[in-house]
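In: What follows is a predicted structure for the sequence shown.
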Amino acid sequence: MRNLIFFFLLIISPFTLYLIAGNNSSKDVSYKISLGKVYHTAVFHDSPHGMYSVWGASVVQDDDGLFHMYYSRWPKHLGWAWLTDSEIAHAVSESITGPWRFVDVALKRRGKEFWDGWCTHNPTIHKFDGKYYLYYMGNTGDGKVMGTPQKEVLNWSHRNNQRIGVAVSDSPYGPWMRSDKPLIDASANDDDYDCLMTSNPSLCHMPDGRYLMIYKAVGKKFPLPQGGPVVHLAAISDSPTGPFKKFSKLVFHFEGERFPAEDPYIWYQDGKFRAIVKRMETAKNGCFLMQFESDNGLDWKKSEHFIVSGLNVTFEDGSIVKLSHLERPQVYLHNGEARYILCAADSIDSVVY
């Protein structure tokens, strides 16, 4: 029997960046990403009773060696209600592969009068110069859950009010200071690619000391409320809290497609900017994770070994689980090297926790 589509788990997989050809100083260096077997303790579902659906997570290690995971969650009984009811929660573990235990809610609902007052979602955590920076999407709106479980309907007022923010703390336990203004707002120019909404930030520290962000955006070329196309853009700042200068060139673009990709994670390793991205493909091929690379963070191309993962996960005992979703990839880096990948997942045939 198929699990309900809105009951998501978090899966943490070992991650290896294999050198295939060339050398680290060569522009022709070629890498292949390989995902390892998953420990059962590395599957996280928030509570023993499954009260919450959980979504993409990001992990950072503190100075004492403890791992902190920040993830999206919302009440399971509401169905696919992340737009109106998601919050960013916090769990800890002595090991990156778990087991994890819930600690607190890092970013709670704070009131619909705030740009991020009704929903906080899709976190990505970084530590720079002793401070913790929690980047996320927030929104506000009328608060109405549309549809019913398994018959979900998007609440467009919430979807189109999505903006990007960052919360800052001296401790992984908070308190988190967030701004009353978005870090990346929608453009005031109706011809720009991000004039309707901005969402799903991914950020890395550049070799020159600046900060590169890649983010999801939607414009108004196509009729509202859906709008579109759905694209990705780059922005750069001298500070992790901005201001960010936006660039108009499209990232992870496939000509003629209105929604080609989603949920990138970017980092810098071995002389290149690298990205793992969810490919929004046709129903024939399904969705999969893909690899891009860039020399400057602005001009991206498909890596030679493009496909990172399909929709199967292999566990340490050799069992293989087929998934309907494997997305929202987030990479855990140790000393600048990619070690683990975290993904939101939903199994088709098996319960994996």
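Out: Nice, thanks for sending it over. Small disclaimer: the values here were computed from a predicted structure and weren't measured. Numbering: from 1, shown residues only.
In: Under the pLDDT cut-off, which ranges of the stretch 201-350 of the chain? List them.
Out: 281-286, 348-350 (pLDDT under 70).
In: hmm, try it at 80
Out: Along the stretch 201-350 of the chain, segments meeting pLDDT under 80 span 281-287, 325, 347-350.
In: For it, just list every one of the strands.
Out: 211-218, 230-237, 245-251, 261-269, 272-279, 288-294, 300-309, 312-314, 320-334, 337-347 (DSSP state E, counting those that start in this stretch).
In: so which of those gets nearest residue 85?
Out: Taking CB to CB, strand 337-347 is the member of those nearest to residue 85, at 16.3 Å. C-beta here means a position set from N, CA and C on the backbone, and glycine is covered the same way.
In: Wasn't residue 84 part of a strand?
Out: No: applying DSSP: H, G, I helix; E, B strand; the rest coil, one finds residue 84 to be helix, outside a strand.
In: hang on, the earlier thing: and the strands of the stretch 201-350 of the chain: which comes nearest residue 77?
Out: Nearest to residue 77 among the strands of the stretch 201-350 of the chain is strand 337-347 (16.6 Å), distances taken as CB to CB.
In: buried residues in that closest one?
Out: Buried positions in strand 337-347, judged by neighbour count with 16 or more other CB atoms under 10 Å: 338, 340-347.
In: got the residues you listed as CSV, with distance to residue 87 columns?
Out: Shown next, in CSV, are those (distance: CB to CB, whole Å):
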residue, distance to residue 87
338, 28
340, 24
341, 24
342, 18
343, 20
344, 16
345, 20
346, 20
347, 24
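In: What residues sit buried inside stretch 197-211?
Out: Buried residues in stretch 197-211, counted by 16+ other CB under 10 Å: 197-204, 211.
In: Determine which two of the residues you listed are furthest apart.
Out: The most widely separated members of the buried residues of stretch 197-211, counting by CB to CB, are 197 and 204 (22.6 Å).
In: before we move on, back to that, possible to save the strands of the stretch 201-350 of the chain as JSON lines with distance to residue 127?
Out: Shown next, in JSON lines, are the strands of the stretch 201-350 of the chain (distance: least, CB to CB, whole Å):
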{"stretch": "strand 211-218", "distance to residue 127": "13"}
{"stretch": "strand 230-237", "distance to residue 127": "17"}
{"stretch": "strand 245-251", "distance to residue 127": "24"}
{"stretch": "strand 261-269", "distance to residue 127": "14"}
{"stretch": "strand 272-279", "distance to residue 127": "19"}
{"stretch": "strand 288-294", "distance to residue 127": "23"}
{"stretch": "strand 300-309", "distance to residue 127": "25"}
{"stretch": "strand 312-314", "distance to residue 127": "28"}
{"stretch": "strand 320-334", "distance to residue 127": "10"}
{"stretch": "strand 337-347", "distance to residue 127": "15"}
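In: what about the residue nearest to residue 83 when sequence neighbours are not counted, distance to residue 134?
Out: Distances taken as CB to CB, 6 or more residues apart in numbering place residue 158 nearest to residue 83, at 4.2 Å, with adjacent residues excluded. To residue 134, residue 158 is 20 Å away according to CB to CB, to the nearest Å.
In: Ok, residue 266 next?
Out: Distance from residue 266 to residue 134, by CB to CB: 17 Å.
In: How about residue 106?
Out: 7 Å.
In: Between the two, which contacts overlap?
Out: Each of 70, 88, 123, 167, 176 lies in contact with both residue 106 and residue 134 under the rule CB atoms under 8 Å, 6 or more residues apart in numbering.
In: Sort out which of these are in helices and list them.
Out: With DSSP state H as the criterion, helices contain none of the shared contacts of residue 106 and residue 134.
In: Can you tell me which of the residues you listed is closest to residue 188?
Out: residue 167 (24.8 Å).
In: Now for the closest residue to residue 272 other than its chain neighbours: which residues touch it?
Out: With sequence-adjacent residues excluded and distances taken as CB to CB, 6+ apart, residue 272 is closest to residue 293, at 4.9 Å. Residues near residue 293 by CB under 8 Å, 6+ apart: 31, 272-275, 300-301, 303.
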